[in-house]
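[1] sequence? don't have it. structure:
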């Protein structure tokens with residue numbers, strides 16, 4: 001039990017869990033909140049809802065919050081130890097889905113009368129953002145990890161606004177059409193795990 005508790009402390013799991021709970025409560029409290037993104041007159045604004053906002057915040061900060069607090073000695077850990085770190089890293093990558101799921105259930109079970117499609121297609125984007133943030137943390141450091149999801153998401157939203165039938169509208173969920181390219185999602189997710197395993201989930205710069 002002490003070993004498990006020590007591992008969770010080393011990965012700041014409790015801070016990460018509280019952060020996720022706070023974002024989930026935020027998505028539950030303001031389910032109808034959204035921001036309209038419009039960069040060109042005459043084009044319909046691309047709505048960014050509270051579920052996407054909370055997922056973006058989670059993807060931007062959770063990898064940094066939960067990076068291992070170990071020194072280089074952890075790199076000599078046996079394969080099982082590395083595997084446990086990779087499993088935890090996988091959970092961190094997919095955790096931005098939680099605020100989106102709680103928001104979805106809030107709308108689904110409310111009396112607002114909204115008919116929503118299945119949420120599976122919506123979850124691809126949070127996983128992509130989480131994977132990119134984790135990769136950026138491992139390879140480039142904390143600052144890049146925090147900024148990368150925002151830049152990627154902003155690019156997705158703007159291009160969906162300007163090109164409603166473009167590639168980003170086909171690969172990522174839009175405000176109205178929830179679908180994901182699971183080939184891309186899986187590729188980024190697996191790449192992040194393959195990078196994290198030999199590094200023991202410790203950022204590369206921290207090892208030098």
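    Alright, I've got the coordinates. Small disclaimer: the values here were computed from a predicted structure and weren't measured. Numbering: from 1, shown residues only.
[2] what about residue 36, helix or strand, and which?
    Using DSSP states H and E, residue 36 maps to strand 34-37.
[3] Let me fix that, I meant to ask about residue 47.
    Assigned by DSSP H and E, residue 47 falls in strand 46-49.
[4] Can you check my assumption that residue 173 lies in a helix?
    No. Under DSSP: H, G, I helix; E, B strand; the rest coil, residue 173 falls outside any helix and is assigned coil.
[5] Near the nearest residue to it once chain neighbours are set aside, how many other residues are there?
    Using C-beta to C-beta, 6 or more residues apart in numbering and skipping the chain neighbours, the partner closest in space to residue 173 is residue 122 (5.0 Å). Placement of C-beta: from N, CA and C, glycine included. Look at residue 122: counted by other C-beta atoms under 10 Å, it has 26 neighbours.
[6] and the strand holding residue 47, how far from the chain's centre?
    Distance, stretch centre to chain centre, for strand 46-49: 17 Å (C-alpha atoms, centre = their mean, to the nearest Å).
[7] packing partners for that strand?
    Under the contact definition 3 or more C-beta pairs under 8 Å, 6 or more residues apart in numbering; DSSP states H and E, strand 46-49 sits against strand 34-37, helix 142-162.
[8] Tell me the strands beside the first one, with direction?
    So that's strand 34-37. Here strand 34-37 is paired, per DSSP bridges, with strand 46-49 (antiparallel).
[9] Let's test this: mean pLDDT of the strand it pairs with, rounded?
    Strand 46-49 carries an average pLDDT of 91.
[10] Show me what counts as buried in stretch 193-208.
    Under the neighbour-count criterion of 16 or more other C-beta atoms under 10 Å, stretch 193-208 has 193, 195-196, 199-203, 206 buried.
[11] close enough to count as contact, residue 85 and residue 196?
    Yes. At 7.0 Å, residue 85 counts as touching residue 196 under the criterion of C-beta atoms under 8 Å.
[12] looking at this protein, which helix or strand is least sure?
    Least confident helix or strand, the chain: helix 2-10 with a mean of 69, by mean pLDDT, DSSP states H and E.
[13] Mind checking the helices and strands packed on strand 46-49 for the one nearest to residue 17?
    helix 142-162 (19.2 Å; C-beta to C-beta).
[14] Give me the contact list for that closest one.
    37-40, 43-46, 48, 52, 56, 59-61, 63-64, 67, 125, 128-130, 132-134, 136-137, 166-169, 172, 174, 203 (C-beta atoms under 8 Å, 6 or more residues apart in numbering).
[15] repeat that with 6 Å
    37, 39, 43, 46, 56, 59-60, 63-64, 129, 132-133, 136-137, 166, 168-169, 172, 174 (C-beta atoms under 6 Å, 6 or more residues apart in numbering).
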